[in-house]
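A.B. asks: Sequence first, then the predicted structure:
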Amino acid sequence: MKNAARLAVLGFFAFALAACATQPQADLTPPPAKRLDAKTTLENHR
């Protein structure tokens with residue numbers, strides 16, 4: 001019985017580890033800068 005409990009715990013640990021390892025990495029690239037049109041550029045003196 002003790003071996004079955006140990007096997008169940010190790011199986012759950014392996015399953016949890018595998019689930020965490022397969023998650024895709026988050027996309028950390030910033031969004032592209034907003035393009036300003038000619039009118040906005042002239043109004044803001046940029």
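C.D. replies: Now that the structure is in, tell me what you want to look at. Worth saying up front: this structure is predicted, and the values here are computed from it rather than measured.

A.B. asks: contacts and neighbour counts: CA atoms only from here.
C.D. replies: OK.

A.B. asks: Residue 39: neighbouring residues, count only.
C.D. replies: The number of residues packed near residue 39 is 9, by other C-alpha atoms under 10 Å.

A.B. asks: Quick test: name the residue nearest the centre of this protein.
C.D. replies: Central residue of the chain (C-alpha atoms, centre = their mean): residue 26, 2.6 Å from the mean position.

A.B. asks: Need the pLDDT of it.
C.D. replies: On pLDDT, residue 26 comes in at 81.

A.B. asks: Ok, residue 14 next?
C.D. replies: Confidence score, pLDDT, at residue 14: 90.

A.B. asks: Tell me the secondary structure of it, please.
C.D. replies: helix (DSSP: H, G, I helix; E, B strand; the rest coil).

A.B. asks: any idea how far it lies from residue 40?
C.D. replies: Distance of residue 14 to residue 40, given as C-alpha to C-alpha, to the nearest Å: 56 Å.

A.B. asks: now swap in residue 9 and tell me
C.D. replies: 62 Å.

A.B. asks: again with residue 1
C.D. replies: For residue 1, the distance to residue 40 - C-alpha to C-alpha - is 74 Å.

A.B. asks: same deal with residue 5?
C.D. replies: 68 Å.

A.B. asks: Kindly report the same for residue 24.
C.D. replies: For residue 24, the distance to residue 40 - C-alpha to C-alpha - is 39 Å.

A.B. asks: do the same with residue 11
C.D. replies: 61 Å.

A.B. asks: Run through the protein and note the low-pLDDT ranges.
C.D. replies: By pLDDT under 70, the low-scoring segments of the chain are 22-23, 46.

A.B. asks: For it, which segments count as helices?
C.D. replies: With DSSP state H, the ranges of helices along the chain come out as 2-21, 38-44.

A.B. asks: Please state the offset of the last one from the chain centre?
C.D. replies: Spelled out, that is helix 38-44. 37 Å (C-alpha atoms, centre = their mean, to the nearest Å).
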